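In: give the three-dimensional model of this entry:
(one chain, ligands or ions: 2)
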Amino acid sequence: MAKATSIPIIDISGGQGDHVRIAKELVDAAAEHGFVYIRNTGQDISLAQIEQAFNISRTLFQSPLEDKQRCKIENNQGWSGMHTETLDPKTQRVGDFKEGFNFGAFADSKATQPVPKSMEPHEGDLSAFRDSCHELCRKLLLLFGIGLGVDPPSFFTEVHSPDKASGSILRFLYYPPPSATPSALEADVRAGAHSDYGSVTLLFRLKGQAGLEILTPTNGWAAVPVCPPGTEDDPSPPILVNIGDLLSYWTNGLLRSTVHRVTFATSGTNKSAHAPGLADGESTTDPRYSIVYFCQPADNTPLTAVPSERVRNFQSGLATANVGNPYAERKVLTADEHLKMRLQATYL
Ligand SMILES: O=C(O)CCC(=O)C(=O)O
Ligand SMILES: [Fe+2]
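Out: Ligands and ions are numbered 1, 2, ... in the order given. Below is the predicted model of the structure:
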């Protein structure tokens, strides 16, 4: 069995009386791992909605190339083809072995950006799915507010109002099977090592489709199984949540933004010394689809000190958490400025 992470699995569907305990568990997981599995009971986002989103994603990537090319990524919205995004420019030989499509805001259930023709019948569903993702993020942000003792606990939630312009993105990802990308070398990755930019990220994956790895505190890579032990019988894989750079920066590094990547790792072909191998029942031979929701505060949100004694007192974190970050010297940025700075480095 491959080395896998010990990312905690939390059920946030508990009753009212449980929310303080759940909030504490969430904060502990985010502070230690930067990642947490949220058990998927279909309460926050229905299982049918998730399944449908994956179906729409398959339709999107199967659209004629010219249709996708017409929607080429601009201002972080639209289609990015194979090798056009390089998440780890210092290390990668070629860009990521993936296609992506970023959906920004919808207005009255209609996209506000060019979308392939095949998406026109699905705009209402996409808009509703994006809204559900955003609401789940706000629920998590409220729990972080409670768990960190922020006064008021709604401090983060308020600045993530769905009615205000923000850089939040719903992203569909398609990683072709290795058999379709014979040019891939052993060292190549499907998505280069990176940390996410925003406040929180939701990641939806499909059973059996391996590839995600996180950097451990000892600088090794650990596989992040789609269905960790204990969730195999759940109706749908858990939703993986991770902390982005913005929320880590905002909380003085108390909440961790953990580096992760997607590899071709198979026990057969990836012999790199640090390759963690595969979790039981998972493989990378199939095409891989994932759906990501990157949640961002409203654009003009100033990232001022978080009114929480615990965050204020977390001095040691700031010094280490920001090593290598271009914004290590603390100055008040807005959410928008923070995002622009990070995006510049990604698209070559
Ligand atoms: O596809 C995945 O599992 C992860 C993708 C990811 O980390 C990202 O797009 O930021
Ligand atoms: Fe990511």
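
In: ranges for the strands of the stretch 51-200 of the chain?
Out: 78-80, 99-103, 106-107, 110-111, 169-175, 189-194, 200-205 (DSSP state E, counting those that start in this stretch).

In: tell me which of those strands sits most buried.
Out: For the strands of the stretch 51-200 of the chain, average neighbour numbers computed from mean count of other C-beta atoms under 10 Å are highest in strand 200-205, which has a mean of 25. Placement of C-beta: from N, CA and C, glycine included.

In: for it, what is the average pLDDT?
Out: Strand 200-205 shows a mean pLDDT of 98 in the predicted model.

In: go on, stretch 34-54?
Out: 94.

In: same thing with stretch 15-29?
Out: So the average pLDDT for stretch 15-29 ends up being 91.

In: same check on stretch 232-251?
Out: 94.

In: could you do stretch 309-322 as well?
Out: Mean predicted confidence for stretch 309-322 is 68.

In: CA atoms only for stretch 204-224, dumped as CSV, please.
Out: Taking C-alpha atoms only, stretch 204-224 is exported to CSV below (Å, rounded to 0.1, in the frame of the first residue of the first chain):
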residue,chain,number,x,y,z
PHE,A,204,-14.1,17.2,-6.4
ARG,A,205,-12.6,14.0,-7.7
LEU,A,206,-13.8,10.7,-9.1
LYS,A,207,-13.3,7.3,-7.5
GLY,A,208,-10.3,5.4,-8.7
GLN,A,209,-8.6,8.4,-10.4
ALA,A,210,-5.3,8.9,-8.6
GLY,A,211,-2.7,11.5,-8.9
LEU,A,212,-2.9,14.2,-6.3
GLU,A,213,0.0,14.5,-3.9
ILE,A,214,0.9,16.9,-1.1
LEU,A,215,4.3,18.1,0.1
THR,A,216,4.8,16.8,3.6
PRO,A,217,6.6,18.8,6.4
THR,A,218,9.6,16.5,5.8
ASN,A,219,9.7,17.5,2.1
GLY,A,220,8.4,14.2,0.7
TRP,A,221,5.3,13.7,-1.4
ALA,A,222,2.3,11.8,0.0
ALA,A,223,-0.6,10.6,-2.1
VAL,A,224,-4.0,12.0,-1.3
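
In: residue nearest the centroid of the chain?
Out: The residue lying closest to the centre of the chain (C-alpha atoms, centre = their mean) is T201, at 3.6 Å.

In: quick one, what contacts that residue?
Out: V241, N242, I243, G244, V292, Y293, F294, C295 (C-beta atoms under 8 Å, 6 or more residues apart in numbering).

In: now the longest helix seen in the chain: buried residues?
Out: Assignment by DSSP state H gives helix 123-147 as the longest helix of the chain. Of all the residues in helix 123-147, those buried under the rule 16 or more other C-beta atoms under 10 Å are 123, 125-130, 132-134, 136-138, 140-147.

In: and ligand 1, which of these contact it?
Out: Subset of the buried residues of helix 123-147 in contact with ligand 1: empty, counting by C-beta under 6 Å from any ligand atom.

In: now render the strands of the stretch 51-200 of the chain as CSV, adding distance to ligand 1.
Out: As requested, the strands of the stretch 51-200 of the chain are exported to CSV (distance: least, C-beta to the nearest ligand atom, whole Å):
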stretch, distance to ligand 1
strand 78-80, 11
strand 99-103, 7
strand 106-107, 20
strand 110-111, 20
strand 169-175, 5
strand 189-194, 5
strand 200-205, 6
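
In: hmm, back to that, in PyMOL, how would I select just the buried ones from the contacts of T201?
Out: Burial among those is assessed by 16+ other C-beta under 10 Å; the matching PyMOL selection reads:
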select buried, resi 241+242+243+244+292+293+294+295
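
In: give me the subset of the contacts of T201 touching ligand 1.
Out: Under the cut-off given by C-beta under 6 Å from any ligand atom, ligand 1 has V292 from the contacts of T201 close to it.

In: okay if I get the contacts of T201 as JSON lines plus secondary structure?
Out: JSON lines is the format used below for the contacts of T201 (DSSP: H, G, I helix; E, B strand; the rest coil):
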{"residue": "V241", "secondary structure": "strand"}
{"residue": "N242", "secondary structure": "strand"}
{"residue": "I243", "secondary structure": "strand"}
{"residue": "G244", "secondary structure": "coil"}
{"residue": "V292", "secondary structure": "strand"}
{"residue": "Y293", "secondary structure": "strand"}
{"residue": "F294", "secondary structure": "strand"}
{"residue": "C295", "secondary structure": "strand"}
